[in-house]
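> Structure here, sequence nowhere to be found:
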Ligand SMILES: C[S@@+](CC[C@H](N)C(=O)[O-])C[C@H]1O[C@@H](n2cnc3c(N)ncnc32)[C@H](O)[C@@H]1O
């Protein structure tokens, strides 16, 4: 075994991070960044650091689980999603799955957008899932603070009246209002090993497959696609595509922004 593989085997055994699902180049970039921080010149040397230092194990785990997200990430997608939500709600309730929801900003954006589009709260049901319990904990809290690199007020500015959906806390913090939170249920779900769900009108599975090893992309997208009712919609991240075998189940509703419609069963 190479020392990089030794290192990954250690991470897998000592933490609950399933490194084998992830793309090697991605893992290497993340591990190398931590090695530079700790001044380790080889994987073997860094493995020694990991064995001895609990805090470094936690830092590495944090670096490996990419929870990067935003409210209304990729604005043009959200303009199109507003129409999708209105179309899906036209004949009654609209049920949405935000798969890989990170700290909750994606499902809360969906909830705010649905309300902003005039869909009655009683008709909106959003399930939000992620593999990472810490991210889900932050999501349930629904509190977000601006940092040097992320301005929450700017992110919320996609909406004409964002303050209808959040309350300010201090000079940098925002908490999602109760009537928005009530529309979202958070639950842990692993897209690789977890069961598919069923009957969703819209599933958002964005910016998770870009980090995942090629062999697991298809199982993830199979799980996701069989969770959508025929005629329902799927939205992927802006650099993601549907693999062969799954692509055939969809037509492009808006190919430029990766929104697809599930075809009726043959
Ligand atoms: C970059 S975030 C994307 C968040 C959001 N969808 C967006 O586009 O802004 C990727 C998320 O995928 C989650 N994730 C990684 N592997 C997963 C898996 N096997 N099942 C479910 N979620 C997973 C991570 O915990 C992380 O929160």
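Everything's here; your move. Since the model is a prediction, treat every value here as computed from it, not as a measurement.

> quick one: is stretch 180-198 near the ligand?
Yes. Judged by C-beta under 6 Å from any ligand atom, stretch 180-198 comes into contact with the ligand at 190, 191, 192. In short, each C-beta sits where N, CA and C put it, glycine included.

> which of the residues you listed lies closest to the ligand?
The ligand lies nearest to residue 191 out of the residues of stretch 180-198 next to the ligand, by C-beta to the nearest ligand atom, at 3.6 Å.

> thinking that closest one is in contact with residue 220, fair?
Yes. Residue 191 is in contact with residue 220 according to C-beta atoms under 8 Å; the separation is 4.5 Å.

> Quick check: neighbours shared by the two?
Here residue 191 and residue 220 share the contacting residues 205, 208, scored by C-beta atoms under 8 Å, 6 or more residues apart in numbering.

> Helices of the stretch 51-200 of the chain, residue ranges please.
Ranges of helices within the stretch 51-200 of the chain are 54-64, 75-89, 105-116, 133-141, 152-156, 178-181, based on DSSP state H, counting those that start in this stretch.

> Give me the helices and strands touching the first one, please.
Contacts of helix 54-64 with other secondary structure elements, assessed using 3 or more C-beta pairs under 8 Å, 6 or more residues apart in numbering; DSSP states H and E, are made with helix 3-14, helix 24-38, helix 43-52.

> Repeat that for the last one.
Using 3+ C-beta pairs under 8 Å, 6+ apart as the contact definition, the elements that helix 178-181 packs against are helix 105-116.

> one more time with 10 Å
Helix 178-181 sits against helix 105-116, helix 133-141, with contacts defined as 3 or more C-beta pairs under 10 Å, 6 or more residues apart in numbering; DSSP states H and E.

> Can I get those helices in JSON lines including distance to the ligand and mean neighbour count?
What follows is those, written out as JSON lines (distance: least, C-beta to the nearest ligand atom, whole Å; neighbours: other C-beta atoms under 10 Å):
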{"stretch": "helix 105-116", "distance to the ligand": "4", "mean neighbour count": "25"}
{"stretch": "helix 133-141", "distance to the ligand": "5", "mean neighbour count": "17"}
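
> By mean pLDDT, show me the worst of those helices.
Of all those, the minimum mean pLDDT falls on helix 133-141 (a mean of 93).

> just checking, what packs against that one?
Using 3+ C-beta pairs under 10 Å, 6+ apart: helix 133-141 touches helix 105-116, strand 124-130, strand 173-176, helix 178-181, strand 184-188.

> And the contacts of the last one?
I take that to be strand 184-188. With contacts defined as C-beta atoms under 10 Å, 6 or more residues apart in numbering, strand 184-188 is touched by 96, 98, 101, 104, 106-108, 110-111, 124-133, 135-140, 142, 176, 194.
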